[in-house]
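1. give the three-dimensional model of this entry:
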Amino acid sequence: MKIVTANRLEDGAVVYLGDDDRWTESLADAAQFDDQDAENVLAAAESRVEEIAGAYLAPVDEDGAVSARERLRETIRSAGPTVRLDLGRQSECCA
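-> Modelled structure (predicted):
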């Protein structure tokens with residue numbers, strides 16, 4: 001299974017394509033696609049150039065968690081810098 005992720009042009013936030021074909025900041029709300037459909041969904045998402053940039057597929061496990069080598073990358077993308085907890089999205093929860 002795979003999800004589609006990108007960055008929202010409006011503010012640069014990491015977003016995921018949801019079941020309703022809308023972008024969400026929540027990984028838990030990301031739609032999951034089988035490998036056969038994922039490429040077509042990605043192509044459609046990439047055409048939405050007024051909304052997002054840098055769309056790509058990320059593999060997820062059966063629980064919807066990003067898997068394989070992309071796990072670290074997606075953790076950093078969604079939370080922010082790993083060297084300073086006072087920056088990025090993690091600063092919102094830990095201030």
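
2. quick one: low-confidence ranges for this structure?
-> 68-73, 75-76, 78-85, 87-95 (pLDDT under 70).

3. let's see it at 90
-> 12, 27, 35, 60-95 (pLDDT under 90).

4. list the buried ones in the lengthiest helix in the chain?
-> When every helix of the chain is counted residue by residue (DSSP state H), the longest turns out to be helix 35-46. For helix 35-46, burial by neighbour count (16 or more other CB atoms under 10 Å) applies to 38, 41-42, 45. (Each C-beta comes from the backbone N, C-alpha and C, glycine too.)

5. now do stretch 54-62
-> Buried, per 16+ other CB under 10 Å, within stretch 54-62: 55, 57-60.

6. picking that back up, and which of the buried residues of helix 35-46 is nearest to Asn7?
-> Nearest to Asn7 among the buried residues of helix 35-46: Ala45, at 11.9 Å, using CB to CB.

7. packing partners for the longest helix of the chain?
-> Where contact means 3 or more CB pairs under 8 Å, 6 or more residues apart in numbering; DSSP states H and E, helix 35-46 is packed against strand 2-8, strand 52-59.
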